[in-house]
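*Asks:* Can you look at this prediction? I've put the sequence above it.
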Amino acid sequence: GLLDAQSRTVNTDMMLAAARALADVVAEDELNANYIIPSVFNAKATEAVASAVKRAALAAAHQER
């Protein structure tokens, strides 16, 4: 997401966007003691995090202008 947005910095909003997107990938009925965070190989997770971070990075760049 940072690369797609051509961001040179990372801020708190971007990190929170990544965390929220990652958390949203795991459905409530999937949560258990052994499955809290999806695998790094979960394509759904990587796409969700990249998209959320890109949006946050673009929003930050827009606010700087």
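*Replies:* Perfect, thanks for sending it. Everything numeric here is computed off the predicted structure, so don't read it as measured data.

*Asks:* now the closest residue to Ala60 other than its chain neighbours: how far from Ala19?
*Replies:* The shortest distance from Ala60 to any non-neighbouring residue, by Cβ to Cβ, 6 or more residues apart in numbering, is to Asn11 (5.8 Å). Where C-beta positions appear, they are placed from N, C-alpha and C, glycine not excepted. Asn11 sits 13 Å away from Ala19, taking Cβ to Cβ, to the nearest Å as the criterion.

*Asks:* centre of the chain versus stretch 6-14, how much separation?
*Replies:* 12 Å (Cα atoms, centre = their mean, to the nearest Å).

*Asks:* Run through who's touching it.
*Replies:* Identification of contacts with stretch 6-14 by Cβ atoms under 8 Å, 6 or more residues apart in numbering yields 1-2, 53, 56-57, 59-61.

*Asks:* Show me which parts of that stretch are buried, residue by residue.
*Replies:* Buried residues in stretch 6-14, counted by 16 or more other Cβ atoms under 10 Å: 7, 14.

*Asks:* CA atoms only for that stretch, dumped as CSV, please.
*Replies:* Only the C-alpha atoms of stretch 6-14 are listed here, as CSV (Å, rounded to 0.1, in the frame of the first residue of the first chain):
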residue,chain,number,x,y,z
GLN,A,6,4.4,6.3,-3.3
SER,A,7,4.6,7.3,0.4
ARG,A,8,7.9,8.2,1.8
THR,A,9,6.7,8.1,5.4
VAL,A,10,4.5,6.0,7.7
ASN,A,11,2.2,7.6,10.2
THR,A,12,-0.1,6.3,13.0
ASP,A,13,-3.1,6.5,10.8
MET,A,14,-1.5,4.2,8.3
